[in-house]
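Participant: return a 3D structure for these sequence lines:
(one chain, ligands or ions: 2)
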Amino acid sequence: MIIVMKHNATQADVEQVKNEVTKAGLMVNISEGSQVTIIGVVGDKTRLSSDSICALPAVDKIVPVTESYKLANKKFHTKPSVIDLGSCKIGGDQLVIMAGPCAVESKKQLFESAEAVKAGGATVLRGGAYKPRTSPYSFQGLEEEGLQYMLDAKKETGLSIVCEVTSIHAVNTAANYVDILQIGARNMQNFELLKAAGKTNLPVLLKRGLCATIEEWLNAAEYIMSEGNQNVILCERGIRTYETATRNTLDISAIPVIKSKSHLPIIVDPSHASGKKEYIASLSKAAIAAGADGLMIEVHPNPKEALSDGPQSLDPQEFKVLMEELKMIAAACNKTFS
Ligand code: PEP
Ligand code: MN
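Facilitator: Numbering: from 1, shown residues only. Ligands and ions are numbered 1, 2, ... in the order given. Here you go, the predicted structure:
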């Protein structure tokens with residue numbers, strides 16, 4: 001439930017409510033809006049007397065939150081969350097472009113990718129060091145060596161870096177290198193991994209599971225947030241449907257649905273959604289027009305030689321052209337590239 005304070009509630013009034021709630025063994029999440037302060041309550045509500053809370057003079061009303069996710073819920077936090085990476089912001093009126101190769105293959109390949117995405121206007125470099133491949137015989141990633149190359153590329157270019165983590169061990173290792181931890185589609189409901197990411201203070205990019213509903217996805221975000229880490233960025237990357245013309249089906253409707261249910265920023269990955277580079281431009285434009293806070297795009301200096309996901313990777317020139325085209329869409333949506 002949420003406790004909505006009256007317009008004239010003071011800091012002391014908020015403190016009083018907070019004390020009542022925590023005394024009953026529940027947690028509070030305070031959200032100060034421009035109009036009113038909202039106190040979100042997380043935990044077993046039966047331990048709290050709604051009547052005694054309502055009786056407090058500065059309390060306006062109590063509103064039940066029926067959804068199982070609370071901290072990720074817009075009712076708990078009415079303003080959109082903006083995640084500050086230092087070098088750029090994710091959410092609000094900013095559009096973040098994360099781009100780079102599917103996998104870090106070598107220092108040379110990564111540095112060429114980093115230069116290309118920076119030249120195109122991206123602010124975050126992506127690159128997988130731990131690759132969750134369908135076949136155990138496919139390239140599995142350079143692991144810590146790959147993380148080191150990512151950090152080297154960050155130092156060289158000033159780009160922030162995001163890498164996927166596939167195990168708790170990888171979380172602990174990657175936390176020493178990256179700016180954003182990525183949890184991939186295949187691990188969206190790996191609850192121990194979500195909790196481990198939630199114990200770090202790094203922003204977490206949480207991709208939607210291959211067959212996950214939006215509610216399951218928001219509950220996965222809740223796992224991270226309930227450990228104390230509120231910096232979650234959602235990423236729609238297509239879901240499995242009966243359609244085989246594209247690798248997955250981009251669920252464009254997930255963008256307005258997430259915006260109506262959550263305060264968390266949402267970006268779109270048109271590369272994994274389509275599986276084919278010829279569709280990336282259309283899906284990117286549609287995502288921005290639908291209100292996405294950014295994009296994650298695979299870019300490789302030589303896609304034909306890529307060790308993974310070559311067919312869905314743009315080359316540097318194609319990325320540059322796309323970024324130019326996106327400027328118009330961004331302007332029409334009153335967004336600026338971060
Ligand atoms: C990736 O971004 O490298 C990746 C594996 O994507 P997904 O988890 O969406 O399949
Ligand atoms: Mn990939």
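
Participant: how many other residues sit next to Thr22?
Facilitator: 13 (other CB atoms under 10 Å). Every residue, glycine included, has its C-beta placed from N, CA and C.

Participant: need the contact list for Glu222.
Facilitator: Ser68, Tyr69, Lys70, Leu71, Ala72 (CB atoms under 8 Å, 6 or more residues apart in numbering).

Participant: rebuild those as a markdown table, extending it with secondary structure and distance to Leu151.
Facilitator: As requested, the contacts of Glu222 are exported to a markdown table (DSSP: H, G, I helix; E, B strand; the rest coil; distance: CB to CB, whole Å):
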| residue | secondary structure | distance to Leu151 |
| --- | --- | --- |
| Ser68 | coil | 38 |
| Tyr69 | coil | 33 |
| Lys70 | coil | 35 |
| Leu71 | coil | 30 |
| Ala72 | coil | 30 |
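
Participant: narrow those residues to just the buried residues.
Facilitator: Tyr69, Lys70, Leu71, Ala72 (16 or more other CB atoms under 10 Å).

Participant: tell me the phi and psi of the first one?
Facilitator: Tyr69 has phi and psi values of phi -90, psi 130 when expressed as degrees, to the nearest 10.

Participant: that one reaches Asn219, doesn't it?
Facilitator: Yes. The criterion here is CB atoms under 8 Å, and Tyr69 meets it with Asn219 at 5.1 Å.

Participant: nearest spatial neighbour of Asp315, skipping sequence neighbours?
Facilitator: Pro303 (5.7 Å; CB to CB, 6 or more residues apart in numbering).

Participant: Met5 now?
Facilitator: Thr37 (4.5 Å).

Participant: phi, psi for the residue in the stretch 1-150 of the chain that ligand 2 sits nearest to please.
Facilitator: Taking CB to the ion, ligand 2 has its nearest neighbour within the stretch 1-150 of the chain at Cys102, 3.2 Å off. The phi and psi values for Cys102, taken as degrees, to the nearest 10, are phi -60, psi -50.

Participant: and it, how many neighbours?
Facilitator: 25.

Participant: what's near enough to touch it?
Facilitator: Contacts of Cys102 (CB under 8 Å, 6+ apart): Gly128, Lys131, Ser271, Glu298, His300, Ala306, Leu307, Ser308, Asp309, Gln312, Ser313.

Participant: got the residues you listed as TSV, with secondary structure, distance to Leu26 and neighbour count columns?
Facilitator: Shown next, in TSV, are the contacts of Cys102 (DSSP: H, G, I helix; E, B strand; the rest coil; distance: CB to CB, whole Å; neighbours: other CB atoms under 10 Å):
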residue	secondary structure	distance to Leu26	neighbour count
Gly128	strand	40	29
Lys131	coil	41	21
Ser271	helix	42	29
Glu298	strand	43	30
His300	coil	49	28
Ala306	coil	50	20
Leu307	coil	49	19
Ser308	coil	46	19
Asp309	coil	45	20
Gln312	helix	46	26
Ser313	coil	48	26
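
Participant: mind putting those residues in JSON lines, pLDDT and distance to Phe76 included?
Facilitator: Converted to JSON lines, the contacts of Cys102 look like this (pLDDT from 0 to 100; distance: CB to CB, whole Å):
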{"residue": "Gly128", "pLDDT": "98", "distance to Phe76": "33"}
{"residue": "Lys131", "pLDDT": "95", "distance to Phe76": "35"}
{"residue": "Ser271", "pLDDT": "98", "distance to Phe76": "32"}
{"residue": "Glu298", "pLDDT": "98", "distance to Phe76": "34"}
{"residue": "His300", "pLDDT": "98", "distance to Phe76": "40"}
{"residue": "Ala306", "pLDDT": "98", "distance to Phe76": "42"}
{"residue": "Leu307", "pLDDT": "97", "distance to Phe76": "42"}
{"residue": "Ser308", "pLDDT": "96", "distance to Phe76": "38"}
{"residue": "Asp309", "pLDDT": "97", "distance to Phe76": "37"}
{"residue": "Gln312", "pLDDT": "98", "distance to Phe76": "36"}
{"residue": "Ser313", "pLDDT": "98", "distance to Phe76": "38"}
